[in-house]
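Colleague: below: sequence and its predicted model.
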Amino acid sequence: MTHAAMRMPPEWHPQDWIWIGFPHDPVEWPGFLSAAQEQIAAFANAVAESGQQVRLIVRDETNAARARSLVSAAVRIETRVYGDVWLRDTGPLVVLDSAGNRVARRFGFNGWGGKYMMAGDETIGAELAESAGLAVTQSDWILEGGALDSDGTGLVVTTEQCLLNPNRNPALSRADIEQRLARDLGYDRVLWLGDGLINDHTDGHVDNLARFVAPGVLALSRATGTDDPNAAIYADAKARAEAFGVTVREVPSPGRVETDGRIEPASYMNFAVTSKLVAVPIYGTGHDADGVAAIADLFPDRQVVGIMADAVLAGGGSFHCASQQMPAVS
């Protein structure tokens, strides 16, 4: 089995289940923990009601009891040790080999550039993979799943702000990183965008900015209102994507979202694609309906729902960040 035969399927590939992390840390969610738990539970319930298995990962028995009070009986609850809920970044990335078999890839994790180190986050990825009966291959560099998005043809989109950040892999050049993306995940073409959203804790993860929705088709945020803080970032991303040759489909942004005067990295692009449903985070702005409708146009084969995520965002992410899918064997 060669590395070259490996390929990470796109998110719209059929899934056997989705893992979702349940918020548990009051320090990370000051004043928002209860509401964040309710919003993650609403996400889990929506996916379960669509007919897909959900594995909700909880920290301990107290949180398991809280989760059970919020989710339907269709949601499977598993207790595991983890710090942050962002399983997109700490969970396993599952690739398929040429025979369609699944292999879990694990990468180094350093708390998003040394900012948020929490017990369990370095081990939860391998633990989840092993619980699913998958072989785990460890790679020799630091990478989070939310830094990447792919279209299933070997094309991946990322941001320079994250993957070339000296707080991740200071000894690796752009060419080194491209070689590792090919070796470990089967990506043979890289679309480099520039910066991610202002005040994104992850140093600009692409899953808050741009997402592939079909082969060669990239959904990208568009500035909303005259005071959208990310207007220049969106324009730069669009120019780079079009110059690369992908088709761009624009989705209106939530506009300017602030908490106590601080710009929040609110984005509809942090949607989670599951087998039958797309869960879109909404924030209680006047642009929510437009954002959900634009994403619904991109997924005519799936139900698309908006679910409140303002409290989830208070902890630094949204539904895509908090989940990780298990692709079905092809």
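Modeller: On my side now, so go ahead. If you're wondering where the values come from, they're calculated on a predicted model, not measured in any experiment. Residues are numbered from 1 along each chain as shown.
Colleague: in terms of helices and strands, where is the residue nearest to V304 when sequence neighbours are not counted?
Modeller: Leaving aside its chain neighbours, V304 sits nearest to A296 (3.9 Å; criterion: CB to CB, 6 or more residues apart in numbering). C-beta coordinates here come from the backbone N, C-alpha and C atoms, glycine included. Using DSSP states H and E, A296 sits within helix 288-298.
Colleague: who does that helix touch, helix- and strand-wise?
Modeller: strand 217-222, strand 247-252, strand 277-282, strand 303-308 (3 or more CB pairs under 8 Å, 6 or more residues apart in numbering; DSSP states H and E).
Colleague: do that again at 6 Å, thanks
Modeller: Applying 3 or more CB pairs under 6 Å, 6 or more residues apart in numbering; DSSP states H and E, one finds that helix 288-298 contacts strand 247-252, strand 277-282, strand 303-308.
Colleague: for the protein, which residues score under the pLDDT cut-off?
Modeller: 1-4, 111-114, 116, 120, 330 (pLDDT under 70).
Colleague: tell me where it has helices.
Modeller: 33-49, 61-70, 87-90, 111-114, 124-131, 160-163, 174-185, 231-244, 288-298, 310-313 (DSSP state H).
Colleague: which of the ones you listed sits closest to T137?
Modeller: Nearest to T137 among these is helix 174-185 (7.8 Å), distances taken as CB to CB.
Colleague: buried sites along the closest one?
Modeller: Within helix 174-185, the residues that count as buried by 16 or more other CB atoms under 10 Å are I177, E178, R180, L181, A182, D184, L185.
Colleague: and stretch 48-64, by the same measure?
Modeller: 48-50, 52-59, 63-64.
Colleague: kindly reformat the residues you listed as TSV containing distance to A132.
Modeller: What follows is the buried residues of stretch 48-64, written out as TSV (distance: CB to CB, whole Å):
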residue	distance to A132
A48	18
E49	23
S50	21
Q52	15
Q53	12
V54	14
R55	9
L56	15
I57	12
V58	17
R59	20
N63	21
A64	20
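Colleague: identify the farthest-apart pair in the residues you listed.
Modeller: Within the buried residues of stretch 48-64, S50 and R59 form the most distant pair, 25.7 Å apart (CB to CB).
Colleague: what is the nearest of the buried residues of stretch 48-64 to G108?
Modeller: Using CB to CB, the buried residues of stretch 48-64 come closest to G108 at I57, 21.0 Å.
Colleague: for that closest one, give the beta-bridge partners.
Modeller: In this structure, I57 bridges to G21, E78 when assessed by DSSP bridges.
Colleague: that one and T79 touch, don't they?
Modeller: No. Contact criterion CB atoms under 6 Å: I57 and T79 do not qualify, at 7.9 Å.
Colleague: picking up where we left off before, pick the most deeply packed of the helices of the chain.
Modeller: Among these, helix 87-90 has the highest mean neighbour count (mean count of other CB atoms under 10 Å), at a mean of 26.
Colleague: what's that one in contact with?
Modeller: Under the criterion CB atoms under 6 Å, 6 or more residues apart in numbering, residues W19, G21, F109, D121, I124, G125, E144, G145, G146, H320, C321, Q324 lie in contact with helix 87-90.
Colleague: can you check stretch 23-33 too?
Modeller: Residues outside stretch 23-33 that contact it (CB under 6 Å, 6+ apart): A36, Q37, R59, N63, V85, A311, A314, G315.
Colleague: can you redo those as CSV with distance to F43?
Modeller: CSV is the format used below for those (distance: CB to CB, whole Å):
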residue, distance to F43
A36, 11
Q37, 11
R59, 17
N63, 16
V85, 11
A311, 12
A314, 15
G315, 14
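Colleague: quick check: of those residues, which lies closest to G196?
Modeller: G315 (17.3 Å).
Colleague: ok, so what distance separates that closest one from T226?
Modeller: According to CB to CB, to the nearest Å, G315 stands 29 Å off from T226.
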